[in-house]
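> Have a look at this prediction, sequence included:
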Amino acid sequence: MFIKYLQNRVLLIPFILIAILSNQIKVHSQSINTNEVLLNTKIDSIISILTIEEKIAMCHAQSKFSSAGVPRIGIPELWMSDGPHGIRPEMNWDNWNYANWTNDYVTAFPALTCLAATFNPDLSKEYGVSLGEEARYRKKDVLLGPGVNIYRTPLNGRNFEYLGEDPFLASEMVVPYIHGVQQNGVAACVKHYALNNQEQWRGHINVEVSDRALHEIYLPAFKAAIIEGQSWSIMGAYNKFRGEHCCHNQILLNDILKNKWAFDGVVISDWAGTHNTNQAIHNGLDIEMGTPSNKNISKRYPYNNNFLGLSFLEKINTGEVKEDILNDKVKRILRLMYRTTLNQDRPLGSINNKAHSNTAYKVATEGIVLLKNEDNLLPIDTHNNLNIAIIGENAKKSMTIGGGSSELKVAYEISPIEGLKKHFKNVNFKFSSGYSSNANEAENYRLNNEALSIAKESDIVFFIGGLNKNSSQDSEGSDRQQYNLPYDQDGLIESISEVNKNIAVILISGNAIRMPWLSDVKTVMQSWYLGSEAGNAIASIISGEVNPSGKLPFTFPKKLMDNGAHYYGELSYPGNGETQFYKEDILVGYRWHDTKKITPNFAFGYGLSYTSFDLSKINSDKKSYSSTDSIKISCEVKNTGTLKGSEVVQVYIGKKNSKVKRALKELKGFKKISVNEGKSKKIEIKIGVNKLAYYSEKKSEWNIEKGEYIIYVGNASDNITKELKITII
Ligand code: GLC
């Protein structure tokens, strides 16, 4: 007994020494290698004194949103929380009900489709910093976000949580977000890795996709998050890829993530996304979360039933599994702890302050996309004594609740109607919801008529509708069942247009929708799920206090069959219940529309301003480039209107006569620039020639094809000002 006691104490010596030493040398995860070496030494010394049971316990949940530490020597637990646009309310220890605490009211930031629509990476950093401060203050070590799954179909219930259809835009926007979150000593957990592009059968659907489409479309944002973003954790997706669940998938987790990308962080399963002990042990999973507990196994340790619980322990004890597989998982977990909960220098965080509200407001106003504005119906002078009808349930409905795991309990939320009434003091507003998402036909008939009567007697109508995060209306766990707006909003908009031509349709949604009424309305504004500052942002745009500058991060097809995922029928989307084939391959979104020459209602990268811009003097610095060069595109942006505004110059590149299938053009650079009315500014966009590579399936590596390329420069994927020819030699 005494020997054992001594052993325990003696073994502690290296750890105590290192701990003392580390107090002189603060370990910052991003600093130079010496600290990395020190950190690894510390981690190894801890590993050497942990029991196998203690190490196993760290590899799975101990509650709904925490995993175990090592109480015996003071290694803390890891606490995790959703979500990508705000910190979720506290959940109960071991069920899906809210704990109803009173200290977990938060700021709701706009959903990530809005952030993507800003085309402003600097703003994404500010977003990450603010969100990370709120996570830190709520004492969360891992923020379960951002989500970067590519927008493949307008029916995917969770598109609102993600960054759109283009891998380059998603990559550029996700990196600063992660940097912002993690500078607070909170780990980002980029999700859902990978190919979780629909909610239908999300728990088991097996995705079959080519290596090219995998590497060129679906992985780039994850790769950027891991390599440039340095995300300290990543979440496996629910679905399967080539027959294995993504939470323990040899190709995705070991071959690509941990080997090719040299990921040194922690792979966390999606909740109940783990299905197999051997795969979980060997295929790269580090912490199993969400697998239901079983109190019959043990009252005190009900999560021992996890796949990485007792069955893992047994395989170690029998020698079937080598302990160094367990040690690798625990080293990763300890490294994440030293970056977060064991990082003595991490900031204290903050919550519900003016700075966070300002960030939410800036992202919301910069992300709103003005799609149509006939007769310059907007902006509306706030001094006008107009009669304005506000019609639509979304004018009042809270949009920070619902939608699944990303829902929030907010300190405040300004609804569209509240924001409008606050901004337009002299306007006489009349309101009717016009329809209700939970009323019967008779009630909706009454509401329709009520809406028409106020529309008739108004100068202008603001129709504030869209989707609403109810089931199948932009929500986790269910895809949309139709491309049209629900609750017969289309019919109501058509009826209103017959009695009043001055209609502005303000869509609150996270997905493209069908617009049969498009020619009958003067103005359309895509207004996203904007969070706490929603009403202030919408009113600021409508009043012209802020000039809209958002650009679409995904395409609005005229009809669903115009979308590549739907063109190939059920086996492509949603699949046959077991498997689906991404038959459109690399031609996702505008890549499909450009290449197949299918004109959408509104194109990727499109967005109007209250002013106008002229792009000129567009040139490349050279005519030919080697594979190690960077291409420099210069352009002059002139504000030819009467209002200060911002434009997003976009650079797409396509390969002429390529030996492999290619999209007509792909986004490879963009820059948002603010220009005062009547003024001009020069910008330069740098693009590495290596970014033009395609993924060779034969060689399983990236390949730069020599020859002629076309550079397309414009302010939308369907509005190109100039084409330049260059050659890669
Ligand atoms: C959910 C979601 C994931 C979330 C997790 C925890 O099922 O797929 O995004 O972070 O479970 O709530």
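Structure's in. What do you need?
> can you give me the strands in the stretch 451-600 of the chain?
460-466, 503-508, 523-526, 579-581 (DSSP state E, counting those that start in this stretch).
> Could you do the stretch 151-300 of the chain as well?
187-193, 206-208, 233-236, 240-241, 244-245, 266-268.
> nearest to K665, of these?
For the strands of the stretch 151-300 of the chain, the distance to K665 is smallest for strand 206-208, at 26.0 Å, taking C-beta to C-beta. Backbone N, C-alpha and C define where each C-beta goes, glycine included.
> Let me see the residues that make contact with the closest one.
Outside strand 206-208, the residues that touch it by C-beta atoms under 8 Å, 6 or more residues apart in numbering are 195, 197, 239-243, 575, 578-582.
> Need the buried ones from these selected in PyMOL.
The buried residues among those can be selected in PyMOL (16 or more other C-beta atoms under 10 Å) with this line:
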select buried, resi 195+197+239+240+241+575+580+581+582
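> Looking at the contacts of strand 206-208, which one is closest to the ligand?
N239 (10.7 Å; C-beta to the nearest ligand atom).
> Looking at the stretch 451-600 of the chain, what residue ends up closest to the ligand?
For the stretch 451-600 of the chain, C-beta to the nearest ligand atom, closest residue to the ligand: E476, 6.2 Å.
> got the contact list for the residue nearest to that residue when sequence neighbours are not counted?
Spatial nearest neighbour of E476, chain neighbours left out: G404 (2.5 Å); criterion: C-beta to C-beta, 6 or more residues apart in numbering. By C-beta under 8 Å, 6+ apart, the contact list for G404 reads 157-158, 475-477.
> So which residues on the stretch 201-350 of the chain come close to the ligand?
270-271 (C-beta under 6 Å from any ligand atom).
> which stretches of the stretch 201-350 of the chain have low pLDDT?
Nowhere does the stretch 201-350 of the chain drop to pLDDT under 70.
> For it, which segments are assigned as helices?
Remark: helices assigned in the stretch 201-350 of the chain by DSSP state H, counting those that start in this stretch are 211-213, 220-227, 277-282, 310-317, 323-339.
> same for the shortest one, what does it pack against?
Helix 211-213 makes packing contacts with strand 694-696 when contacts are defined by 3 or more C-beta pairs under 8 Å, 6 or more residues apart in numbering; DSSP states H and E.
> Ok, the second one next?
For helix 220-227, the elements it packs on are helix 167-182, strand 187-193, strand 233-236, judged by 3+ C-beta pairs under 8 Å, 6+ apart.
> Please report the distance of the residue nearest in space to the middle of the chain from K659.
Nearest residue to the geometric centre of the chain (C-alpha atoms, centre = their mean): Y162, 3.0 Å. According to C-beta to C-beta, to the nearest Å, Y162 and K659 sit 32 Å apart.
> which residues touch the residue lying closest to S549 once chain neighbours are set aside?
Among residues not flanking S549 along the chain, S646 sits closest, at 3.9 Å (C-beta to C-beta, 6+ apart). Applying C-beta under 8 Å, 6+ apart to S646 gives the contacts 366, 547, 549, 609, 672-675.
> Let's see if you can find the most crowded of these.
S549 (28 neighbours; other C-beta atoms under 10 Å).
> Per-residue pLDDT of that one, please?
As predicted, S549 sits at a pLDDT of 98.
> Would you confirm that it contacts I541?
No - assessed by C-beta atoms under 8 Å, S549 is found out of contact with I541, at 9.8 Å.
> Kindly reformat the contacts of G404 as TSV and extend each row with distance to K682, pLDDT and neighbour count.
As requested, the contacts of G404 are exported to TSV (distance: C-beta to C-beta, whole Å; pLDDT from 0 to 100; neighbours: other C-beta atoms under 10 Å):
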residue	distance to K682	pLDDT	neighbour count
G157	43	98	26
R158	40	98	29
S475	45	98	23
E476	44	98	19
G477	48	98	15
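> among these, which two are most distant?
R158 and G477 (8.6 Å).
> Which residues are in contact with each of the two?
With C-beta under 8 Å, 6+ apart as the test, R158 and G477 both reach 199, 404.
> quick one: the closest residue to G290 other than its chain neighbours from N676, how far?
Nearest residue to G290, sequence neighbours excluded (C-beta to C-beta, 6+ apart): W271, at 2.6 Å. Here the criterion is C-beta to C-beta. By it, W271 lies 49 Å from N676.
> Neighbour count: those two, which is higher?
Each of W271 and N676 has its neighbours counted (other C-beta under 10 Å); W271 has more, 22 against 12.
> Verify the contact between that one and P292 for me.
No - with contact defined as C-beta under 8 Å, W271 does not count as touching P292 (9.7 Å).
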